[in-house]
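[1] Structural data only, the sequence is not supplied:
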DNA sequence: TCGAAAATTGTAATCGTTTACATATTTTTT
DNA sequence: AAAAAATATGTAAACGATTACAATTTTCGA
């Protein structure tokens, strides 16, 4: 393995010159540049990153900490993060927390130990409470989850608005007894529920929000919905606060032999491929997933460049995609379909 | 920030002793151990990873190089890899190649520069040709893609067998004019096609395999299928060589207003949640995705421990999950439904 | 043409660990 | 009880870059 001193010797210059040529930021005469580049090529020299990092205190590495990469939301976000990171010659360390605060803290400690350039975090509820990016020794951007008063750069959906619009759409189409299944492990579910509650109240309807313990798996959503669907009267509509819960609700309806929208309507979040394929299509709020990830990494890059600039927030608006699962009821509004 | 020398001073011992206590492998008297641990705690000392790596030449980092993390196959595999890595105190660097050999090479170079402990790679066709793990300066395990004569540890499905069984199932159920849509960008699609061709031949049927350029997106599968579905006579069944292509085929059928299995049957790979939900359910070969990822990282850990042991291969068997999309035809076998 | 300022290049210190080796201590063997 | 072996601890030399500073050369104004 060639070292910088070998390159220097081969090129007949000092190691400092080699370093300067490779760094590219300071002035070096063209003749030295050529000789160094030649030597680098001849010896197939590649700088040792560990040494470089020790001395320069820079790692060109970012951490991506999410609850579960299998959640389609994070899958897409992570892809965007990796894309932009690649373009900027940054490596991405992937971390799954499973909504476990301890695991999350271990990973945040790791980020400090790794001396990463920055972190993109989707925090647990516990960590989000009183969260201040300043408390950490590295730049950090939140994604998907963030409260109004959180002191950190963040990229989120306008969740309250989205919940409100989705619910209003249901009410407008004649569904009144709507049940909202929301994940309790993240701020997102709660905010969307808030919008749901507001929309129901605005129409003088009683809100029924069902907490779903884990957002990480569709199974909990399925179980909760299945339980509810055994009781009578049946609700008019089931609403999910996330793509995974929506999957669970869909499974529960299937399992209960209930067709939507005839027996019970269905709506939720995230325009995943299958929501279009399941007949007659499921109405959803579509989030610009890739955009969210891209905005997050770009916010992070800006924060890295200017550590002291004011906190910024990107709030994106979800798009309501109407499909058959919430088709307009032909009966008069307010009439329940239940036996 | 406390350094190891600060800890040494505080504990009244040498830096070597501090290092030894923290490393834990060599003998240290209990009294020194206690004092060091106390000092470490008092100063909240955390060792500098860059320095440690420079000196020890170990990074405790692995690289995961896949074509696209959004491909559900890799999503699940990566989750398993991350899980096991976490348990072994290893970090995971995530890399997407988009089947681009240049990008793949850049990432493989990066792995060398990072001096990673090992790499899990899902190689492009180009890289797989004549691939030898020995040619790389780090341990490496292949996943999903591997030829019979590839000189590398690998975890794969028995693709030929899976293609054969899936096709045989169709034939047994009365579908004879079966078209196989396979991804050309990976070895996997070709191997599954091989099984398909063999099964067709075994029943004296003519094989019709349609190459789909990119496996990374369902869109290509949709386009290819849509094109075919406009021609007459219609095929008896459409078969996809991957989960993403299957998604595309399903969309094409929907778009063409063709119901399965009545108009055209449908089958493919990967038991993804939606294959169960799309009525009347899609027949698939299920791969043990998480298991594949776990086997890969475990093979890698073993390879890291014993760099010179013989090449090993884990070949898993896919499970045929029969659903409505390939329901037995009631007419006599061989009769086409086409006009 | 000379001297000061600017630009280029080299020397050597430095980043914070691990670890080979030397030294001091304890234990075992005879 | 002395010699030998084993064990514990410390000292200092790596690891391989970057970069402050010194030294040298070039540029340029008067």
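    Looks like it came in fine. On a predicted model such as this, the values are computed, not experimentally measured, just so you know.

[2] domains in chain A, as residue ranges please.
    Domains of chain A are assigned by automatic domain parsing as A:4-47, A:61-157+A:289-320, A:159-282.

[3] Format those domains as JSON lines; extra columns: mean neighbour count and mean pLDDT.
    (Glycine included, C-beta is placed from N, CA and C.) Formatted as JSON lines, the entries for those read as follows, by neighbours: other CB atoms under 10 Å in any protein chain shown; pLDDT from 0 to 100:
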{"stretch": "domain A:4-47", "mean neighbour count": "15", "mean pLDDT": "94"}
{"stretch": "domain A:61-157+A:289-320", "mean neighbour count": "20", "mean pLDDT": "97"}
{"stretch": "domain A:159-282", "mean neighbour count": "21", "mean pLDDT": "95"}
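
[4] next one: stretch A:179-197 to chain centre, how far?
    Distance of stretch A:179-197 from the chain centroid (CA atoms, centre = their mean, to the nearest Å) equals 16 Å.

[5] measure it end to end?
    The distance separating the two terminal residues of stretch A:179-197, taken as CA to CA, to the nearest Å, comes to 10 Å.

[6] Residue A:209: what's it in contact with?
    Counting by CB atoms under 8 Å, 6 or more residues apart in numbering or on different chains, residue A:209 makes contact with A:179-182, A:193, A:196-197.

[7] and residue B:96, which of the domains of chain A is closest to it?
    In this view, the domains of chain A are compared for proximity to residue B:96 by CB to CB, and domain A:61-157+A:289-320 is the closest at 5.4 Å.

[8] which pair in the contacts of residue A:209 spans the largest distance?
    Of all pairs in the contacts of residue A:209, the most separated under CB to CB is A:181 and A:197 at 13.4 Å.

[9] mind listing the helices for chain A?
    Defined through DSSP state H, the helices belonging to chain A, from first to last, are A:4-11, A:15-23, A:30-42, A:49-56, A:72-87, A:101-114, A:125-128, A:159-172, A:187-202, A:218-229, A:243-255, A:273-277, A:289-305.

[10] what would those helices look like in a markdown table with distance to residue B:135?
    As requested, the helices of chain A are exported to a markdown table (distance: least, CB to CB, whole Å):
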| stretch | distance to residue B:135 |
| --- | --- |
| helix A:4-11 | 23 |
| helix A:15-23 | 26 |
| helix A:30-42 | 20 |
| helix A:49-56 | 21 |
| helix A:72-87 | 24 |
| helix A:101-114 | 29 |
| helix A:125-128 | 44 |
| helix A:159-172 | 50 |
| helix A:187-202 | 46 |
| helix A:218-229 | 43 |
| helix A:243-255 | 42 |
| helix A:273-277 | 38 |
| helix A:289-305 | 33 |
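
[11] just the contacts of residue A:209 that are near chain B?
    Restricting those to those adjacent to chain B (criterion: CB under 8 Å from any CB of the partner chain) removes every one of them.

[12] Quick check: which of the residues you listed are also close to DNA strand C?
    Among these, no residue sits close to DNA strand C (CB under 7 Å from any atom of the strand).

[13] Return the closest of these with respect to residue A:90.
    Nearest to residue A:90, judged by CB to CB, of these is residue A:182 at 34.7 Å.

[14] if I look at the residue nearest to residue A:247 when sequence neighbours are not counted, how far off is residue A:76?
    The spatially closest residue to residue A:247, leaving aside those adjacent along the chain, is residue A:218, at 4.0 Å (CB to CB, 6 or more residues apart in numbering or on different chains). Applying CB to CB, to the nearest Å, the value for residue A:218 to residue A:76 is 17 Å.

[15] So for residue A:332, what's the pLDDT?
    The per-residue pLDDT reported for residue A:332 equals 45.

[16] Now residue A:318: phi and psi?
    phi -80, psi 150 (degrees, to the nearest 10).

[17] what separates it from residue A:195, distance-wise?
    Between residue A:318 and residue A:195 the distance, using CB to CB, works out to 10 Å.

[18] Need the overlap of contacts for the two.
    Taking CB under 8 Å, 6+ apart as the contact definition, residue A:318 and residue A:195 share the neighbouring residues A:161-162, A:165.

[19] How about the stretch 151-300 of chain A: which residue is closest to DNA strand C?
    For the stretch 151-300 of chain A and DNA strand C, the shortest gap (CB to the nearest atom of the strand) falls at residue A:300, measuring 24.3 Å.

[20] Surely that residue is in contact with residue A:116?
    No. At 10.4 Å, residue A:300 and residue A:116 do not qualify as touching, with contact defined as CB atoms under 8 Å.

[21] Overlap of the contact sets of the two?
    Counting by CB under 8 Å, 6+ apart, the shared contacts of residue A:300 and residue A:116 are residue A:62.

[22] Distance check, residue A:37 against DNA strand D.
    14 Å (CB to the nearest atom of the strand, to the nearest Å).

[23] quick one, what contacts that residue?
    residue A:21.

[24] quick one: it from chain B, how far?
    As defined by CB to the nearest CB, to the nearest Å, residue A:37 lies at a distance of 17 Å from chain B.

[25] Which residues are in contact with the residue of chain A found nearest chain B?
    Of the residues in chain A, the one nearest chain B is residue A:274, at a distance of 3.2 Å by CB to the nearest CB. Contact analysis of residue A:274 by CB under 8 Å, 6+ apart lists A:247, B:273-274, B:277-278.

[26] Distance to DNA strand C added to those residues, as a markdown table?
    Converted to a markdown table, the contacts of residue A:274 look like this (distance: CB to the nearest atom of the strand, whole Å):
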| residue | distance to DNA strand C |
| --- | --- |
| A:247 | 46 |
| B:273 | 45 |
| B:274 | 48 |
| B:277 | 52 |
| B:278 | 54 |
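
[27] wait, which of those is closest to residue B:259?
    When these are ranked by distance to residue B:259 (CB to CB), residue B:278 comes first, at 11.1 Å.
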